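Asker: I'll drop the sequence and a predicted model, then ask my questions.
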Amino acid sequence: LGSWAGQVVFSKSTLLNGIAAVQHNSVTTVSITKLGTMLSNGLLRTIAASVYFPYHDRPSG
């Protein structure tokens, strides 16, 4: 259990260090933000499609 908990903490700190490093590079941060926006827009469109066009109204396959 101890080693497992240690691994989780290590992974979290590594991730945070990676995020901090990325944030120092504003160009990279902007690119990631744009990518995230595109992904969330696509996700919203998919959700909207599933709400407005229920499965039985869609052409199959």
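Answerer: Cool, got the structure.

Asker: So which other helices or strands are in contact with the helix or strand harbouring Ala48?
Answerer: Element membership for Ala48 (DSSP states H and E) is helix 26-52. The contact analysis (3 or more Cβ pairs under 8 Å, 6 or more residues apart in numbering; DSSP states H and E) places helix 26-52 against helix 2-24. All C-beta atoms are positioned from the backbone trio N, CA, C, and that covers glycine.

Asker: thinking again about what came up before, average pLDDT for the helix holding Ala48?
Answerer: Taken as a whole, helix 26-52 has a mean pLDDT of 77.

Asker: What about Leu39, how many residues nearby?
Answerer: 10 (other Cβ atoms under 10 Å).

Asker: for Ile32, same thing?
Answerer: By the criterion of other Cβ under 10 Å, Ile32 has 14 neighbours.

Asker: and it, how far is that from Val51?
Answerer: Distance, Ile32 to Val51, by Cβ to Cβ, to the nearest Å: 28 Å.

Asker: now swap in Met38 and tell me
Answerer: According to Cβ to Cβ, Met38 stands 20 Å off from Val51.

Asker: so how far is Ile32 from Gly42?
Answerer: Distance from Gly42 to Ile32, by Cβ to Cβ: 16 Å.

Asker: Then Leu43?
Answerer: Taking Cβ to Cβ, one finds Leu43 at 16 Å from Ile32.

Asker: what do you get for Asn41?
Answerer: From Asn41 to Ile32 the distance is 15 Å (Cβ to Cβ).

Asker: cool, Arg45 as well?
Answerer: Distance of Arg45 to Ile32, computed by Cβ to Cβ: 20 Å.

Asker: Check Met38 too.
Answerer: Distance, Met38 to Ile32, using Cβ to Cβ: 11 Å.

Asker: Which per-residue confidence value corresponds to Gly18?
Answerer: 73.

Asker: typed the wrong thing, it's Gln7
Answerer: We have a pLDDT of 63 for Gln7.

Asker: go on, the one 5 residues further on?
Answerer: Among the per-residue scores, Lys12 holds a pLDDT of 73.

Asker: I'd like to know how many residues surround it.
Answerer: 10.

Asker: Ok, Ser13 next?
Answerer: Ser13: 10 surrounding residues under other Cβ under 10 Å.
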